[in-house]
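1. Give me the fold of what follows.
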Amino acid sequence: QVPLVESGGGLVQAGGSLRLSCAASGTIFSINAMGWYRQAPGKQRELVALITSGGRTNYADSVKGRFTISRDNANNTVYLQMNSLKPEDTAVYYCNAEGMAYRYNGRYSYSSNSWGQGTQVTVSS
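-> Numbering: from 1, shown residues only. Predicted coordinates:
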């Protein structure tokens, strides 16, 4: 499976900003949608933001107006710009790729759902 490599997490004070990046490595033919999910301790994983290959976006109500998702299709990379961060944004953030076609061991392969390893975002009050 193609790895999704995340970066950009860290510790920030409330009101601050962070930018997360996630790149799909290898030979990628197409990715239908890329997104970010998060999971706080004791809670279920939830969608934060999603962007399709055509640029259509979807955000969780809790982050609308504060977070912006963007995508570089040429480099199979998705970004999440997080502004006005709140302590309740603290979580492990996971990159997701839906409907990814790629080359693996010289053969055409397809993954309906791929996940990154997760990056910790901590917002202090």
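2. CA atoms for contacts and neighbours, from now on please.
-> Fine.
3. Tell me which residues touch the closest residue to residue 96 other than its chain neighbours, please.
-> Nearest residue to residue 96, sequence neighbours excluded (CA to CA, 6 or more residues apart in numbering): residue 115, at 4.7 Å. The neighbours of residue 115, taking CA atoms under 8 Å, 6 or more residues apart in numbering as the test, are 3-4, 94-97.
4. Could you report the distance from the residue lying farthest from the centre of the chain to residue 27?
-> Distance from the C-alpha centroid of the chain peaks at residue 106, with 27.2 Å (CA atoms, centre = their mean). To residue 27, residue 106 is 10 Å away according to CA to CA, to the nearest Å.
5. Check residue 112 too.
-> Residue 112 is 16 Å from residue 27, by CA to CA.
6. For those two, indicate the residue with more neighbours.
-> Legend: neighbour count by other CA atoms under 10 Å for residue 112 and residue 27, higher for residue 27 (14 against 11).
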